[in-house]
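K.L.:
Mind looking at a prediction? Sequence and model below.
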Amino acid sequence: MSLAPLPHPQALVAGSSPLRIVASSADDSLEAELSEEETSLVLEVRSRDARLNHHLVGILLYGRGRNHVIEGFTVLHPDVEGWYTGHAKYTKEELYTRLHGCCEGLVVSPVDPSLLGPPEWEALEASTREFPDAASRHAWMRWLETAESRNLPHALPLSTLRARLGAEGASGQAAQS
Amino acid sequence: MLAQLLDLSCLLATGTTRQKQHAWQALLSQGCLWRGCEEAVQTPDSVRSLERAYQYLSGDWDRSPVVEACLGDSQCVEERTEAACRILAAAAVASLAVTSRDASRDLQHWGFRALGDRNPVQVTHEIPAWQPRENGAELVRYCFGQLLSRMPQRTARIASAQSTVLSILAGSPQYAGSLSRIHQVRCPVLLARGGKGYIVWLWLERLAGGYGEFFQAANTLFDPLQPDLKLAIDDAWQMVAERQGRLEGEDVRWWLGGVPWEEHPQGGRPAPLEGCSLQGAAYAGLLHLLRNQTPHPTCVVAATVRPNRTLGHVAGFEGSAPKLEAALRLANRGEMVTVITGPENRPAETIRRDWEARGLRLEIAETADEAAELALLGHDVRSRHAPQPLPNPVEPKADTDDWKEQEIVLLGQPGSDTERVAAQLASLLRSQGCRVQTRTPVSGVGAILAQEQAIHRADLVLPLVSAATVHSEMLAYTVQVALEAAQHQGRPRVLPVWLTEPTGIQGVLVPLVSDLPSLRWSGSAERVAGEIRDALRNPGVLLSSQWRRELTPPTGVLPLESRFYVPRDTDELFAAAIDRQDSIVRIKGARQMGKTSLLARGLSVARAQGKRVLLTDFQVFNRDQLESVDGFFRALARSAVRQLNLDVSPDEVWDPLHGPSWNFREFFCYEIMERIEEPLVWGLDEVDRLFTSPFGSEVFGLFRSWHNERALNPMLPWSRLTLALAYATEAHLFITDLNQSPFNVGTRIALRDFSLEQIQELNARYGGPLQDSREEERYWELLGGHPYLSHRGLHELASQGRTLAELERLAEQEDSVFGDHLGHMLLLVLKDPELAEVMRGVLQGRPCPTPESYFRLWSAGLLTGLSPRDARPRCRLYATYLERHLL
């Protein structure tokens, strides 16, 4: 993938072409698209493979020279027209600062939770901090239930995640009511 | 764009939630659908792409994501999807009509789809074979005429579909004339939303070759309009059609311009405007349209209309009166704004007086017809007599003395031949009861303003053009004022009286008047006075003077409606740049290449899109205005204010503590851009004149900074501004700091000489005076496709019945049709001995010694070639003529 300059957080969108980066997983089962909205950048991961429903997907965004990286996760859930999608949202400032102004690589891959170790925990927790909609939260809950039912070799902070997802759900419901 | 249209259609039908929402917004709200359809007309084999897009859109795809984006309004989504399918089908009809004229069955198939029949598998009526027609538009009318003859009950759909196809065709330069507009009216409408008032513009247009139907322009079908707005307009049409009778052989289409956009992440949200006051405005506007009248630009009707045509109440006049606040923006140079409303909105006397003190007069009308009459009067509304029935211009006019009520202004120059002629004409016209003033250029601010007011009040302005007055910058300024007033308020008409032979005459006044219908002074005051009386009695004489213009030898800029204008790919590039709202568009071409004609057409495109338009021709700036940077910026600001009808004076807000650049930037940003809601396209012609000015760099640096600010400061309105700069001289010779130059950013459009194919098209437009392709080739070689000379020569052949051989034999002679032009070019070279030496070298086959000399000769229009090394005379005629005089 060629170097894609990221939008400066202070720049006007109309001043240049909106950012759009696309990538596929190594086995082509997943597509990923990073696109620009008014104040944020949204990464959509999608697949038509029903086996990936409620599956964890790892995301890596590389900065210039691949020296800077943002790691994240999302869980796919059913969308329209036979798609399964998951999303990650970034502020322009966050992406611009952490990737030093440009994106040189986007990698997505289905992830087996048994392969996750302590270095990934923080990113996993961070990925559950914000959900665009109830469907995403529900997808994470489903994934968590599956993960808890498995006898994983490494201890994942599943209880922390469950507490967070529960709290998110409660606050979300309170806000809705 | 066609490929993008197909991709987006695919995403809309098969994509994820996000992809569908993005595709919906891009296709419908951002105009990709329409632009793709316009492009399809010029793309070979585009029907296949359109078929696929149609299949996607008309399929049974999951609408839920876009319904969510449209706030759950599933009916709106269905209607828009159906409209999108009809537009795609209309594009296919347009494409078939211009590419494969024998596709009768396909045309019929797509014609049905354009009416909204998604699967017309049963093609029961074959369209009879047609004779080859001159253009696609004719075939389109034939096709829909055939459909109508079989389905008379579907007239409304057929009329709308035909108009959509012709609109798509008209989007490509070679079919720009497909839509035959008869008359257009633009009327202001007051709307309110959330306690804030808005002016939007209701555009109404009569189209020839129609079926007496009324519909919304297809390219605005996706605008976020509330159903009640559309209903109000439809109701108004029903009432006007009942009163006036339907139009035979014509359609009327409408659209709203300048509708405020509701911000929404997914876009496409209808702006919840209260639209009932639109009804009165629409009624008045439609009545004016059918009667070929032009409403006064400072008048606005705000009322509902009851079935008995009496005016009813509207909201937005109470409390902070947001609609009246909005109406104040219509003020034109201190002229009162008139809001015409019904008795139920009659304000208390104190409130009425308060508004009057602020420049807004509230007039009460009982009926919609009375409101329509008042809307014609503008500031003269006070002096109206008892309402009289409006004259119907279709009916023959009774020979009354009404024409004598019109005010005539004769413009001359003291101490010149024009003074005597003006006195003679004034005396004669007065003796016949006319109201005549003779005016000469004045000095002093007070006198100039008084002069301008007189010009604004006048009905007919007659500048007397002679060898003495063509150089009068003040006279040119006064004529400019009259032309701008005519553009904005529909009067005065400007009718130059030439006291000298127009051909070859130069001067600041010439470009302003050379393209207008005119009278010739033959020495007989009685005769000219008679022609003036004719012009007063029958304004149509001036309006329909196309034939006069076409008989007049081409003088440079081709009028917008000229059938001799050959569109080039640059027209399309320019239109696309305007459509995208690029920040800077640079139109570069040597002298007489057609820059101004192109600029005029681009501005016309912008106007048609509802954008505001400014035009500055630096050729008409006088010496005083170019003497100091402060004077220059003030003159620019005044001109902008005048053209945009804004009630603000730069002199009142100019801050002496800051520099001229700062003042102009502040003024343009906050007093101009912030006061208008629509995008603004500013055409700047003859920009070269600033290159040698001591403050040129400062001006260009400012323009460049606006371009930069677009990206750096999104809160400022620069993203709505497009600067279109037309110039010939190489800019980098004068502006060395690239960061301060607007000439290395934006969209570049380079004009070239006509190709052989374009000469062939031009020959056809002149009626084919060049007999065959060999003659066309010879002609092209003689003039090298030089646009101006090509026009002149063909005009000569067509109007004088000469042969090409005669033209070639006489071409270089001083009294030939090219004689004055060649003499002028020779003078241009001889004035500068250094340049003359370079030109001699080029004629002898040597390259230009320096880039500067190459660029100077190139921009003067004498050379062609891509570099100093390739430089050669622009055409064979130049080469032989200059060889004879220089070597």
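P.N.:
Looks like it came in fine.
K.L.:
only C-alpha atoms for contact and neighbour calcs from this point on.
P.N.:
Noted.
K.L.:
in chain A, which ranges drop under the pLDDT threshold?
P.N.:
A:1-5, A:7-18, A:38, A:131-132, A:153-156, A:167-177 (pLDDT under 70).
K.L.:
Do a quick rundown of the strands in it.
P.N.:
A:4-5, A:20-24, A:31-36, A:40-47, A:56-62, A:69-75, A:77-78, A:84-91, A:102-103, A:105-110 (DSSP state E).
K.L.:
what are the C-alpha coordinates of the second one, in PDB please?
P.N.:
In other words, strand A:20-24. The C-alpha trace of strand A:20-24 is given here as PDB (Å, rounded to 0.1, in the frame of the first residue of the first chain):
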ATOM      1  CA  ARG A  20     -10.300   6.400   1.600                       C
ATOM      2  CA  ILE A  21      -8.000   3.500   2.300                       C
ATOM      3  CA  VAL A  22      -9.000  -0.100   1.500                       C
ATOM      4  CA  ALA A  23      -7.400  -3.400   2.200                       C
ATOM      5  CA  SER A  24      -8.200  -7.100   2.400                       C
END
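K.L.:
Buried residues, that strand. List them.
P.N.:
A:Ile21, A:Val22, A:Ala23, A:Ser24 (16 or more other CA atoms under 10 Å in any protein chain shown).
K.L.:
so what secondary structure elements neighbour it?
P.N.:
Counting contacts by 3 or more CA pairs under 8 Å, 6 or more residues apart in numbering or on different chains; DSSP states H and E, strand A:20-24 packs against strand A:31-36, strand A:105-110.
K.L.:
Based on its surroundings, how many neighbours for the residue of the stretch 751-887 of chain B found nearest chain A?
P.N.:
As assessed by CA to the nearest CA, chain A sits closest to B:Leu751 within the stretch 751-887 of chain B, at 26.3 Å. Residues lying near B:Leu751 (other CA atoms under 10 Å in any protein chain shown) number 19.
K.L.:
wait, doesn't it sit right on B:Met593?
P.N.:
Yes - using CA atoms under 8 Å, B:Leu751 is in contact with B:Met593, at 6.6 Å.
K.L.:
Spatially central residue in chain B, please.
P.N.:
Residue closest to the average C-alpha location in chain B (CA atoms, centre = their mean): B:Ser604, at 2.2 Å.
K.L.:
pLDDT score for that one?
P.N.:
Looking at B:Ser604, its pLDDT stands at 85.
K.L.:
Which helix or strand contains B:Thr616?
P.N.:
Assigned by DSSP states H and E, B:Thr616 falls within strand B:612-617.
K.L.:
which helices and strands does whatever helix or strand comes next after that strand pack with?
P.N.:
Sequence-wise, the next helix or strand downstream of strand B:612-617 (DSSP H and E) is helix B:629-644. When contacts are defined as 3+ CA pairs under 8 Å, 6+ apart, helix B:629-644 packs onto helix B:473-489, strand B:612-617, helix B:650-653, helix B:660-666.
K.L.:
Check the burial of residue 105 by counting its neighbours.
P.N.:
Let's take chain A. 20.
K.L.:
Can you look at chain B instead?
P.N.:
15.
K.L.:
Check the secondary structure at it for me.
P.N.:
helix (DSSP: H, G, I helix; E, B strand; the rest coil).
K.L.:
Now do it against B:Thr478, distance only.
P.N.:
59 Å (CA to CA, to the nearest Å).
K.L.:
pretty sure B:Ser604 is in a strand, no?
P.N.:
No - applying three-state DSSP, one finds B:Ser604 to be helix, outside a strand.
K.L.:
next structured bit after the host helix or strand of B:Gln55?
P.N.:
Element membership of B:Gln55, judged by DSSP H and E, is helix B:46-58. Next along the chain after helix B:46-58, taking DSSP H and E as the criterion, comes helix B:64-69.
K.L.:
Near residue 63, how many other residues are there?
P.N.:
By default, I'm working from chain A. 26.
K.L.:
Oops, wrong one, chain B.
P.N.:
B:Arg63: 18 neighbours (other CA under 10 Å).
K.L.:
Ok, B:Ser773 next?
P.N.:
12.
K.L.:
same question, the one 10 residues further on
P.N.:
Residue crowding around B:Leu783 was assessed by other CA under 10 Å; the count is 20.
K.L.:
Quick check: closest non-adjacent residue to it.
P.N.:
B:Cys875 (5.1 Å; CA to CA, 6 or more residues apart in numbering or on different chains).
K.L.:
List the contacts of the one you found.
P.N.:
Applying CA atoms under 8 Å, 6 or more residues apart in numbering or on different chains to B:Cys875 gives the contacts B:Glu781, B:Leu782, B:Leu783, B:Gly784, B:Gly785, B:His786.
K.L.:
which element is the closest residue to the last one other than its chain neighbours on?
P.N.:
Think B:His786. Among residues not flanking B:His786 along the chain, B:Asp753 sits closest, at 5.2 Å (CA to CA, 6+ apart). Under the criterion DSSP H and E, no helix or strand holds B:Asp753.
K.L.:
thought B:Asp753 was touching B:Tyr788?
P.N.:
No - here B:Asp753 lies out of contact with B:Tyr788, judged by CA under 8 Å, at a distance of 9.4 Å.
K.L.:
Identify the contacts common to the two.
P.N.:
With CA under 8 Å, 6+ apart, B:Asp753 and B:Tyr788 have common neighbours B:Met593.
K.L.:
Much appreciated, bye for now.
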